[in-house]
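> sequence and computational prediction follow.
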Amino acid sequence: MIQLRRRVLLGTAAAALAAPALVTATARAAAPMRNELPPAWHRFKVGSYELTVISDGSLPLGKPEPAFPASPPEEIRNLLTSNFLDPASATLEQNVLVLNTGRQLILFDTGMGESMGAASKMFGPTTGRLLANMKAAGIDPAQIDMVILTHAHCDHCWALVDANGNRNFPNAQVALSETDLRFWTDDANKKGPDFMVPFIDGAKKNLSAYRDRMVMVQDGKEVTPGVTAYATPGHTLGHMVYFISDGNNTVVNTGDLAHHQILLLKKPLWEFSFDTDPKLSAQSRLKMLTRLATDKHPVLSYHFPWPGLGHVGKAGEGFDWYPAPVNVTNL
């Protein structure tokens with residue numbers, strides 16, 4: 001009897017060991033690779049306001065040294081590697097913001113778009129996804145009441161129109177500083193770096209389509225109820241950041257105040273190659289980052305890692321970036 005039981009137990013154990021092999025044999029078909037990206041949007045609240053961050057896609061800079069020409073290359077590499085980032089390739093995000101105040105639907109910046117054909121892909125094929133991601137987020141471009149621009153660079157205003165020059169936001173006003181409007185639509189400024197020619201041609205094409213519906217933004221003044229502009233000149237001479245407030249609740253849309261969450265926060269006085277006035281830009285950056293660290297307002301940064309939400313804290317001669325947790329139940 002004992003031997004019989006032993007044989008039964010051994011047989012049961014052998015069957016259990018064999019079972020995984022049978023399962024493995026039926027699961028050998030390779031799953032296809034899925035290379036497409038999912039729609040990228042993130043929704044959150046500021047007081048009673050509803051805000052949606054929408055991705056226009058990543059913007060690869062390539063080797064970081066040319067973007068920071070006055071900075072020691074070894075220090076650039078050390079900062080990146082010590083933060084587990086690739087020292088040979090810097091990538092920025094494009095975090096576009098849509099604000100629903102309950103009275104207005106406001107878009108801040110537009111991403112790269114496709115209005116300038118091949119020039120729209122000067123940073124590669126990963127940009128220009130705003131309109132598709134807006135649709136995925138349930139936002140109709142025709143519902144946008146106002147497009148507020150932090151500045152008139154390609155990755156912020158080139159999706160105002162499509163390749164044929166038709167308005168992508170047919171019912172919207174466009175708000176920006178008069179300084180940027182004048183500078184980036186003036187052919188006399190087509191000098192200096194090679195990118196100045198397409199940047200000005202692109203701004204002219206996109207802004208001229210809204211010439212009868214422009215709103216000039218002024219430093220320290222409300223653009224529209226709940227949105228106040230503050231001048232941070234240097235990246236462009238008319239660059240603005242926007243404080244979005246409902247009651248005691250505020251989030252600050254900083255645009256291109258700082259392009260990189262490590263390099264330009266740890267070293268706020270470093271110069272960036274796409275700045276119109278690099279030294280002025282550095283001073284504006286230091287001043288506003290100091291204010292943000294003091295006030296402790298949440299921040300949306302256009303080029304920081306998706307979705308660009310977090311806080312700035314003082315850290316020695318520079319600042320640290322504290323990304324906000326993303327609650328996936330909001331998606």
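Okay, I see it.

> all helices for the stretch 51-200 of the chain, in order.
Under the criterion DSSP state H, counting those that start in this stretch, the stretch 51-200 of the chain contains helices at 73-82, 130-136, 154-157, 178-183, 196-208.

> packing partners for the shortest one?
It stands for helix 154-157. helix 196-208 (3 or more CB pairs under 8 Å, 6 or more residues apart in numbering; DSSP states H and E). Quick note: C-beta positions are derived from backbone N, CA and C, even for glycine.

> and stretch 119-131, what's buried?
Ala119, Ser120, Met122, Phe123, Thr126, Thr127, Gly128, Arg129, Leu130, Leu131 (16 or more other CB atoms under 10 Å).

> how far does it sit from its chain's centre?
Computed by CA atoms, centre = their mean, to the nearest Å, the chain-centroid distance of stretch 119-131 equals 13 Å.

> give me the distance between the closest residue to Asn133 other than its chain neighbours and Pro73.
Among residues not flanking Asn133 along the chain, Ile54 sits closest, at 4.8 Å (CB to CB, 6 or more residues apart in numbering). Using CB to CB, to the nearest Å, Ile54 is found at 35 Å from Pro73.

> same drill for the two, tell me which one is more crowded.
Set Ile54 next to Pro73 and count neighbours by other CB atoms under 10 Å: Ile54 wins out with 27 against 13.

> residues in contact with the more buried one?
By CB atoms under 8 Å, 6 or more residues apart in numbering, the contact set of Ile54 is Ala40, Trp41, Asn95, Val96, Leu97, Val98, Leu130, Asn133, Met134, Ala137, Ile139.

> pLDDT wise, what is the closest residue in space to the fifth one that isn't next to it in sequence at?
In other words, Leu97. Nearest residue to Leu97, sequence neighbours excluded (CB to CB, 6+ apart): Phe108, at 4.2 Å. Each residue has a pLDDT score; the one for Phe108 is 99.

> so Phe108 sits right up against Met146, yeah?
No. Applying CB atoms under 8 Å, one finds Phe108 not in contact with Met146, separated by 9.4 Å.

> and the two? Which one has more around it.
In terms of neighbours (other CB under 10 Å), Phe108 is the more surrounded of Phe108 and Met146; the figures are 25 against 21.

> who does that one bridge with?
Counting by DSSP bridges, Phe108 forms beta bridges with Leu97, Ile148.

> before we move on, what about Met214?
Val174.

> show me the contacts for it.
Going by CB under 8 Å, 6+ apart, Met214 touches Gln173, Val174, Ala175, Leu176, Leu181, Leu207.

> closest to Glu317 out of the residues you listed?
Nearest to Glu317, judged by CB to CB, of these is Leu176 at 32.6 Å.

> and for the residue nearest to that closest one when sequence neighbours are not counted, the neighbour number?
Spatially, and ignoring its direct neighbours in sequence, Leu176 is nearest to Leu149 (4.0 Å; CB to CB, 6+ apart). Neighbourhood size, Leu149 [other CB under 10 Å]: 29.

> what sits against Ala118?
By CB under 8 Å, 6+ apart, Ala118 has no neighbours at all.

> what pLDDT does it get?
95.

> how much space separates it from Ile244?
In terms of CB to CB, Ala118 sits 35 Å off from Ile244.

> where do the helices sit along the stretch 201-331 of the chain?
263-266, 278-295.

> would you list those helices in a markdown table and tack on mean pLDDT?
As requested, these are exported to a markdown table (pLDDT from 0 to 100):
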| stretch | mean pLDDT |
| --- | --- |
| helix 263-266 | 98 |
| helix 278-295 | 98 |
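
> Thr254 is nearest to which of those helices?
helix 278-295 (7.2 Å).

> and that closest one, how far from the chain's centre?
With CA atoms, centre = their mean as the basis, helix 278-295 stands 19 Å off its chain's centre.

> so which elements touch it?
In terms of contacts (3+ CB pairs under 8 Å, 6+ apart), helix 278-295 is packed against strand 309-315.

> tilt between the strand it packs on and helix 278-295?
100 degrees (axes from the mean of the first three to the mean of the last three CA atoms, to 10 degrees).

> dump strand 309-315 to CSV, restricted to CA.
These are the backbone C-alpha positions of strand 309-315, laid out as CSV (Å, rounded to 0.1, in the frame of the first residue of the first chain):
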residue,chain,number,x,y,z
LEU,A,309,4.3,69.6,-14.4
GLY,A,310,6.2,70.1,-11.2
HIS,A,311,7.9,72.5,-8.8
VAL,A,312,11.1,74.5,-8.8
GLY,A,313,13.2,74.5,-5.6
LYS,A,314,16.4,76.4,-4.8
ALA,A,315,19.5,74.3,-4.7
